[in-house]
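*Asks:* sequence plus the predicted model coming up.
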Amino acid sequence: PLQFRYRSSVDRWLAAFDGLGKGSGTAIEITEGLLMERDPVVLEQLLRLRDAGVEIALDDFGTGYSSLAYLKDLDIDYIKIDRSFVSHLRRDSQEAVLCEAMIVMAHKLGIRVIAEGIERAEQRDILRAMGCDYGQGYLFSQALNALEFERMLGAGEREESDRQRA
């Protein structure tokens, strides 16, 4: 959050993103806490990033006290449903009602939804049935460093190539 208070930080980020071009899929994650401060400098920097084509993901959605108006004012691209809603997710649970409400609201606003903390196939299936766009969690992969990620991608490409040849 501190970096958003300095124009030079965002200037450096924009210079780094410049070669990627709009629509490159570059995204930045912010927390609701950053928005709760209502700091005009922070909001200005977020809008600069937004105007440069950087997508904005609102992390830990549902855990803070920020205004829902920020969803439209900042033209948020993604909300990330916090793992606290997903960890105890079962069909017909209060968590299911809340997750579905967040997904429906986000989609009506044109916002894509990422659910965090998916560890069981049942959670994935419930969220998929609700229309959740993306998921993160140990069900898919543990956190990887850059080298491990590249290896995983390479293994996936080899598997795909083998399937195409068969």
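*Replies:* Received it, and whenever you're ready, just let me know what you need.
*Asks:* what's around the nearest residue to His88 once chain neighbours are set aside, how many residues?
*Replies:* In this structure, His88 finds its nearest non-sequential neighbour in Glu95, 5.4 Å apart by C-beta to C-beta, 6 or more residues apart in numbering. C-beta here means a position set from N, CA and C on the backbone, and glycine is covered the same way. By other C-beta atoms under 10 Å, 17 other residues sit near Glu95.
*Asks:* please name every helix or strand in contact with the strand or helix carrying Glu95.
*Replies:* According to DSSP states H and E, Glu95 maps onto helix 94-108. For helix 94-108, the packing partners by 3 or more C-beta pairs under 8 Å, 6 or more residues apart in numbering; DSSP states H and E come out as strand 78-81, helix 83-86, strand 112-115, helix 121-130.
*Asks:* next, the angle helix 121-130 makes with it.
*Replies:* Put simply, helix 94-108 runs at 40 degrees to helix 121-130, going by axes from the mean of the first three to the mean of the last three C-alpha atoms, to 10 degrees.
*Asks:* mean pLDDT and distance to Arg7 added to the helices and strands packed on helix 94-108, as a markdown table?
*Replies:* Converted to a markdown table, those look like this (pLDDT from 0 to 100; distance: least, C-beta to C-beta, whole Å):
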| stretch | mean pLDDT | distance to Arg7 |
| --- | --- | --- |
| strand 78-81 | 94 | 25 |
| helix 83-86 | 93 | 33 |
| strand 112-115 | 97 | 29 |
| helix 121-130 | 96 | 38 |
